[in-house]
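Chemist: build the 3D model from these lines:
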Amino acid sequence: MNLFDVYSLYDIEPVSGKGCHVYTADGTEYLDLYGGHAVISIGHAHPHYVDAISRQAAALGFYSNSVQNSLQQRFADLLGKASGYDDYSLFLCNSGAEANENALKLASFATGRKRILAFDRAFHGRTFGAVAATDNPKIRAPFNATDHVTFIPLNDIEAAEAELAKGDVAAVIIEGIQGVAGIRMVDDDFLISLQKVCFKYGTLLIADEIQSGYGRTGLFFAHQHAGIKADIVTCAKGIANGFPMGAVIISPRLKAEKGMLGTTFGGNHLACAAAIAVLEVMEEENLVENAAQIGQYMLESLKRLAADHPQITEVRGRGLMIGFEINGSASDMRRRLLFGKRVFTGGAGAHTVRLLPALCITKEQADEALNSIKEIIEEF
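Modeler: Numbers count the residues shown, from 1 in each chain. From the prediction side, this is the model:
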């Protein structure tokens, strides 16, 4: 049996990792500035993380949600404290797309409405409801087509209110920073106004923090830079440092009913052990603060580099969620960094290189990355 050929693969196979580095079988070291799509939050093979999931696997790896699982409440308590959403409720699932599916479903239950407002170039996942709210026709099959989603320009409050005033919108879903679209920033003033008009028209605000959350931008969630609280927040990626997990954080205004949401694997014992270990490491090692400090240093350094090298046309981001746009092929730039400098990066469209390193990245590693980028950009 062959694998279904849907991925463009580099001819490199990492077999181990430590911190912000990965290694191939022959011992070649690569600096990882992408963390497997923002998934590696505390670094590869962190000892506390490895120990936690190993001990849990040796005790009980899985049982269903038909029995008590105190690890779920332990995780909920830690997440509430870390995020500032301690008065909210938590539903656990398996991925970002599943988190968004459940968030959209919950909003429709709560409001009795079915229309969703999303933004141009948004990405919310690849499953039925999530991809319908994703502004990318290339990944939306005819089966996914729906007239329940309306796309409007990002940061356009007049367009948002014009749709909300129709009174039939269940939820507005918005990324803290648009990642797949190329690190497109959401204006703080826009988020503040959006929260107000959502409340005015009885519409729920869903903050998709799947890529931009979990300390990546220097606060626990990106929307918190605007000083707002969403009605629903979705998480995944960095939540369990590589173990498949997703979460929906739900306002106390929304009431649960038995059976309205459900999952077989969501919140299983291994996933919770992994997620608890992540939060413990984040607190112990001050990783949110590190993301703010090193991220700001990298952003300022890249902007200075751009001032001297017109091949870099724009630098965008917050914390360790960074994109720089180049006058040329981002794919070519990424290949040169990988094969010429042994640095992993990510892409976001034809011209944007995306940096999403683990939150434990050091200044020395940041300098190594910046020097590699400088040397490659000078070749363009």
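Chemist: what number of residues lie near Ala99?
Modeler: 32 (other Cβ atoms under 10 Å). C-beta here means a position set from N, CA and C on the backbone, and glycine is covered the same way.
Chemist: in three-state terms, label it for me.
Modeler: Using DSSP: H, G, I helix; E, B strand; the rest coil, the structure places Ala99 in helix.
Chemist: ok, now His223?
Modeler: Classification of His223 by three-state DSSP places it in helix.
Chemist: that one and Met185, how far apart?
Modeler: Distance check for His223 against Met185: by Cβ to Cβ, to the nearest Å, it reads 12 Å.
Chemist: between those two, who's got more neighbours?
Modeler: Counted by other Cβ under 10 Å, His223 and Met185 do not tie: His223 has more neighbours, with 29 against 17.
Chemist: pretty sure the more buried one is touching Leu191, no?
Modeler: Yes: taking contacts as Cβ atoms under 8 Å, His223 lies within contact range of Leu191: 5.9 Å.
Chemist: overlap in contacts of these two?
Modeler: Counting by Cβ atoms under 8 Å, 6 or more residues apart in numbering, the residues touching both His223 and Leu191 are Ile174.
Chemist: show the contacting residues for Ile239.
Modeler: Contacts of Ile239 (Cβ under 8 Å, 6+ apart): Ser41, Tyr214, Met245, Gly246, Ala247, Ala275, Val278.
Chemist: could you report the pLDDT at it?
Modeler: Among the per-residue scores, Ile239 holds a pLDDT of 98.
Chemist: roughly how far does it sit from Glu300?
Modeler: For Ile239, the distance to Glu300 equals 29 Å [Cβ to Cβ].
Chemist: show me which residues of stretch 190-202 are buried.
Modeler: Buried residues in stretch 190-202, defined by neighbour count with 16 or more other Cβ atoms under 10 Å: Phe190, Leu191, Ser193, Leu194, Gln195, Val197, Cys198, Tyr201.
Chemist: kindly report the same for stretch 352-365.
Modeler: Thr352, Val353, Arg354, Leu355, Leu356, Pro357, Ala358, Leu359, Cys360, Ile361, Gln365.
Chemist: just checking, the last one touches Glu29?
Modeler: Pointing back at Gln365 there. No: at 11.6 Å, Gln365 does not count as touching Glu29 under the criterion of Cβ under 8 Å.
Chemist: check contacts around the most centrally placed residue in the chain.
Modeler: In the chain, the residue lying closest to the centroid (Cα atoms, centre = their mean) is Gln211, at 1.0 Å. Counting by Cβ under 8 Å, 6+ apart, Gln211 touches His37, Ala38, Gly96, Glu175, Gly176, Ile177, Gly179, Val180, Lys237, Met321, Leu356.
Chemist: how about it: what's its closest non-neighbour residue?
Modeler: Closest residue in space to Gln211, ignoring its immediate chain neighbours: Gly179 at 4.1 Å, by Cβ to Cβ, 6 or more residues apart in numbering.
Chemist: for Glu285, see how far away the one you found is.
Modeler: Gly179 is 24 Å from Glu285, by Cβ to Cβ.
Chemist: equivalent analysis for Ile312, please.
Modeler: 31 Å.
Chemist: do the same with Leu71
Modeler: In terms of Cβ to Cβ, Leu71 sits 22 Å off from Glu285.
Chemist: looking at those two, which one has more neighbours?
Modeler: Using other Cβ under 10 Å as the criterion, Leu71 and Glu285 rank with Leu71 on top: 19 against 16.
Chemist: for the more buried one, give me phi and psi.
Modeler: phi -60, psi -30 (degrees, to the nearest 10).
Chemist: could you do Ala159 as well?
Modeler: Dihedral pair for Ala159: phi -60, psi -40, per degrees, to the nearest 10.
Chemist: so who does the closest residue to it other than its chain neighbours touch?
Modeler: What sits nearest to Ala159 in space, not counting adjacent residues and going by Cβ to Cβ, 6+ apart, is Ile152, at 4.3 Å. For Ile152, the contact set (Cβ under 8 Å, 6+ apart) comprises Leu117, Ala118, Phe119, Asp120, Ala159, Ala160, Glu163.
Chemist: where exactly do the helices run in the stretch 151-300 of the chain?
Modeler: 157-164, 188-200, 269-284, 287-308 (DSSP state H, counting those that start in this stretch).
Chemist: figure out which of the ones you listed is closest to Asn2.
Modeler: helix 269-284 (29.6 Å; Cβ to Cβ).
Chemist: just the buried residues of the closest one, please?
Modeler: Of the residues in helix 269-284, those buried (16+ other Cβ under 10 Å) are 269-282.
Chemist: any chance of TSV for the residues you listed, columns distance to Arg55 and pLDDT?
Modeler: Listed next are the buried residues of helix 269-284 as TSV, based on distance: Cβ to Cβ, whole Å; pLDDT from 0 to 100:
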residue	distance to Arg55	pLDDT
His269	11	98
Leu270	10	98
Ala271	14	98
Cys272	13	98
Ala273	8	98
Ala274	11	98
Ala275	15	98
Ile276	11	98
Ala277	10	98
Val278	15	98
Leu279	17	98
Glu280	13	98
Val281	15	98
Met282	19	98
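Chemist: need those in CSV with distance to Ala145, can you?
Modeler: As requested, the buried residues of helix 269-284 are arranged in CSV below (distance: Cβ to Cβ, whole Å):
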residue, distance to Ala145
His269, 39
Leu270, 37
Ala271, 33
Cys272, 37
Ala273, 40
Ala274, 36
Ala275, 35
Ile276, 40
Ala277, 41
Val278, 37
Leu279, 39
Glu280, 44
Val281, 43
Met282, 40
